[in-house]
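A.B. asks: quick one: sequence plus predicted model below, questions after.
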10 protein chains.
Amino acid sequence: MLFLVHMIVNIPASLPADEAARVKAEEKEYSQKLQREGKWPHIWRVVGEYANYSVFEARDNDELHTMLSNLPLFPYMQIKVTPLARHPSSIH
Amino acid sequence: MLFLVHMIVNIPASLPADEAARVKAEEKEYSQKLQREGKWPHIWRVVGEYANYSVFEARDNDELHTMLSNLPLFPYMQIKVTPLARHPSSIH
Amino acid sequence: MLFLVHMIVNIPASLPADEAARVKAEEKEYSQKLQREGKWPHIWRVVGEYANYSVFEARDNDELHTMLSNLPLFPYMQIKVTPLARHPSSIH
Amino acid sequence: MLFLVHMIVNIPASLPADEAARVKAEEKEYSQKLQREGKWPHIWRVVGEYANYSVFEARDNDELHTMLSNLPLFPYMQIKVTPLARHPSSIH
Amino acid sequence: MLFLVHMIVNIPASLPADEAARVKAEEKEYSQKLQREGKWPHIWRVVGEYANYSVFEARDNDELHTMLSNLPLFPYMQIKVTPLARHPSSIH
Amino acid sequence: MLFLVHMIVNIPASLPADEAARVKAEEKEYSQKLQREGKWPHIWRVVGEYANYSVFEARDNDELHTMLSNLPLFPYMQIKVTPLARHPSSIH
Amino acid sequence: MLFLVHMIVNIPASLPADEAARVKAEEKEYSQKLQREGKWPHIWRVVGEYANYSVFEARDNDELHTMLSNLPLFPYMQIKVTPLARHPSSIH
Amino acid sequence: MLFLVHMIVNIPASLPADEAARVKAEEKEYSQKLQREGKWPHIWRVVGEYANYSVFEARDNDELHTMLSNLPLFPYMQIKVTPLARHPSSIH
Amino acid sequence: MLFLVHMIVNIPASLPADEAARVKAEEKEYSQKLQREGKWPHIWRVVGEYANYSVFEARDNDELHTMLSNLPLFPYMQIKVTPLARHPSSIH
Amino acid sequence: MLFLVHMIVNIPASLPADEAARVKAEEKEYSQKLQREGKWPHIWRVVGEYANYSVFEARDNDELHTMLSNLPLFPYMQIKVTPLARHPSSIH
């Protein structure tokens, strides 16, 4: 079951630089783990913005919320989830 | 080069039913042709809406506009294009 | 798996009165069938508006989209779906 | 009498971590007390957001405002209330 | 129990003039009946707009919805309801 | 001459608690003085929000602005003014 | 007492051309009469739009609403009124 | 003096096809005449939309409004004008 | 050439009171100088808001931007400029 | 391939003045380098705002994102990208 997820990142200026670097490194590691497990099949940068559009594969809403709320950058992100269904014109 | 494309369909009530059916059939055929050619790699239905989120692969902006403006449903759609770049955390 | 669904109804003035009455009767019957099956556990009228907030129970996004797009009033509604997860403070 | 309540939580970074933890614990206790009393029949997490949709049962607007403004997280929340009425298609 | 109600009127050009006049006369009569009964204590015209802000007194949400959905102009209005509570600074 | 005034209060976390308490006490006193003078005939709490809808009676726009900009909480409020006229259906 | 008034004109395509021409001629005459009387001291075209920003001088809100609702184009306009007060930096 | 102009075209379905074709041909001719005169130095299609972003060169606001309101498609467009100034980092 | 300018002032709480007072005094002096020179013919307070609507007279966009960006309160203001043209119904 | 880019600058008050000056100087140098290389053909100041509209020439979305995310002011800007295509009425 797929969901389009839009994430906008706003790291507050008050966060110390090394702390910010640490959180971003954790985020990358966490993201790549989910990608390798097939739970996060697509992640694209929105051109010109500190934001991404992603596609998640989840068993249900609870699993998706758990994955998203565990993002190391979760406290600094604005997230919007759009549930997706199969399109009747899709060849897949 | 990838683009996220959001399409909302509004077929006016004044369009005769058979004409609407004909345009939708052409739209499906056109969409599947582009999908098979690899130009339209993803199309998902937005749950509960007569709308889709799609990902297009285009050589440049002109090619993308040509593909979108040739959609049989183009006159009845509201379209929003978001250019995508590679995300630094992507494993692909 | 639960979803909050917001539906706003706009029946065009051009729809003949008896046709509108027929569609509304079908909508009621369809809604009550889904309610009795436990797929549509809550439906509330938004005070002062021709709109409702509903809660749907669906196995997945595809089932939800099928239920919503089969609503007899679907062509005349603006629908917005919000996926819901278990709240950590919930006693249920 | 039912109300749909949408709550978005924004705890400022300036709030010390232990103070934040204390307020969240009080919030959970307060919420569960109202749930057990039947005043807060539903609380759902919005997937991907630090937000919830809830349904409250209140005798009148004043009682609802008292319940909401006494939420320990009230100073850190953006709340929107939608009054609900019985829907004519409801089987309840 | 009080509610602020914002009503914007949009009578479609397709409604015949005498039918529009009839509905407006019924609306006035209905409104004045509710005003005399104390259910609609305030109605003010928004300057420069075919709109009003009103205050309704209702026993509960269901009664308010019944009053509003029975407005003869209801099919031609966009209505927004805001529940009101006693203000702690009020001298009343 | 009447005006609907919508006030949303946002007291910054940086304001010391006793200073905030002092300003709120002044606000209440100031509000009740204007209410007793008949210049502020209605003040209602918006349910679930730190906000109010009020009705002011003013000789002219300048008097209204003076009353509002002298509110002790004025620096911490977002205010929106809607001029009101007599409604042709009003029985008053 | 001054008010800034923003007017956007939308004449429906269904209005016959000669009827539209007649209403526009009446609008111009009515506008110039109010300008000569000093009630409508400024009217400016918004560049690129069928819209204007105007300043009205009115004794009170009721007089302003009467002037605006008597505009021949009133049924085809979207109007927004902003009450103005003397600015403390004004040299007038 | 430069202005950025955003134009969205909405040709109503009620306009006969040959009339629409005629207006579009006139629009193209008018646009190219202004381009050749150096008054309309840039016109770009917004990808995926029946819209454009243009840059106009005008002596003053009145000349710009005259150019825009004489567009054959003016009655069917939504136009937004942004005045531009020299940027201090510009090398031109 | 005239422009309508909307200015909303937001002085941050972190600005020391005497510094804020100094900037406001400079703003008043600067504004009155431009008013006396005929470059800023109108300035009105928006009732209930720390905001104004002004009309500026400028030779061109560059002169207007210079005047606005030199406002002592410029760093603390949100400004929106609307270019104005002569209205065909104006008697001036 | 052209893109319209809208940039709004918000330098936080907490950034020391000399640091802000240094970043702005770097921004200017970086911008002029890209302009000279033909990658940033147009940059215009939005009148009255600390914002610009720019046109970028990029080989693809990735190159554009790299150019934008390397802007020294990038952490302090809100950026919106609109992909542009050739307009059929363009004489170029």
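C.D. replies: Now that the structure is in, tell me what you want to look at. Numbering: from 1, shown residues only, chains lettered A, B, ... in the order given.
A.B. asks: residue ranges of the strands in chain A, please?
C.D. replies: A:2-9, A:42-46, A:51-57, A:77-86 (DSSP state E).
A.B. asks: out of the ones you listed, which gets nearest to chain J?
C.D. replies: strand A:42-46 (6.0 Å; CB to the nearest CB). C-beta coordinates here come from the backbone N, C-alpha and C atoms, glycine included.
A.B. asks: what about stretch A:30-37 and chain B, touching?
C.D. replies: Yes - applying CB under 8 Å from any CB of the partner chain, one finds stretch A:30-37 touching chain B at A:31-32, A:35-36.
A.B. asks: list the buried residues of that stretch.
C.D. replies: Within stretch A:30-37, the residues scored as buried using 16 or more other CB atoms under 10 Å in any protein chain shown are A:30-31, A:34-35.
A.B. asks: any chance of CSV for those, columns pLDDT?
C.D. replies: CSV is the format used below for the buried residues of stretch A:30-37 (pLDDT from 0 to 100):
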residue, pLDDT
A:Y30, 98
A:S31, 98
A:L34, 98
A:Q35, 98
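A.B. asks: nearest to F:N61 among those residues?
C.D. replies: A:S31 (55.4 Å; CB to CB).
A.B. asks: I'd say the closest one and A:W40 touch.
C.D. replies: Yes - if you go by CB atoms under 8 Å, A:S31 and A:W40 touch, sitting 6.4 Å apart.
A.B. asks: highest average neighbour count across the strands of chain A?
C.D. replies: Stretch with highest mean neighbour count among the strands of chain A: strand A:42-46 (a mean of 23; mean count of other CB atoms under 10 Å in any protein chain shown).
A.B. asks: what sits up against that strand?
C.D. replies: A:31, A:35, A:51-55, B:2, B:4, B:42, B:55, B:82-90, J:65 (CB atoms under 8 Å, 6 or more residues apart in numbering or on different chains).
A.B. asks: right, is the longest helix along chain A up against chain J?
C.D. replies: Assignment by DSSP state H gives helix A:17-36 as the longest helix of chain A. No - Helix A:17-36 stays clear of chain J (CB under 8 Å from any CB), getting no nearer than 10.8 Å.
A.B. asks: tell me which residues are up against that helix.
C.D. replies: Identification of contacts with helix A:17-36 by CB under 8 Å, 6+ apart yields A:11, A:15, A:40-41, A:43, A:67, A:70-73, A:76, B:88-91.
A.B. asks: among the residues you listed, which are located in helices?
C.D. replies: Using DSSP H, the members of the contacts of helix A:17-36 that fall within helices are A:M67.
A.B. asks: pull the most distant pair out of the contacts of helix A:17-36.
C.D. replies: Using CB to CB, those span at most 30.0 Å, a distance reached by A:L15 and A:P41.
A.B. asks: quick one on the thing from earlier: show me which of the contacts of helix A:17-36 are buried.
C.D. replies: Judged by 16+ other CB under 10 Å, buried ones among these: A:11, A:40, A:43, A:67, A:71-73, A:76, B:89-90.
A.B. asks: what's the burial count for the residue of chain A found nearest chain G?
C.D. replies: In chain A, the residue that lies nearest chain G is A:G48 (26.8 Å; CB to the nearest CB). Counted by other CB atoms under 10 Å in any protein chain shown, the residues lying close to A:G48 total 27.
A.B. asks: let me see the contact set for it.
C.D. replies: By CB under 8 Å, 6+ apart, the neighbours of A:G48 are J:5, J:64-65, J:68-69, J:79-81.
A.B. asks: pick out the residue of chain A closest to chain H.
C.D. replies: A:V47 (12.5 Å).
A.B. asks: A:V47 is in contact with J:D60, isn't it?
C.D. replies: No - counting by CB under 8 Å, A:V47 sits too far from J:D60 to count as a contact (9.8 Å).
A.B. asks: among the two, which residue is more densely surrounded?
C.D. replies: Under the criterion of other CB under 10 Å, the comparison of A:V47 against J:D60 puts A:V47 first, with 28 against 17.
A.B. asks: roughly how far does that one sit from B:L4?
C.D. replies: 10 Å (CB to CB, to the nearest Å).
A.B. asks: now the common contact residues for these two.
C.D. replies: B:82, B:84.
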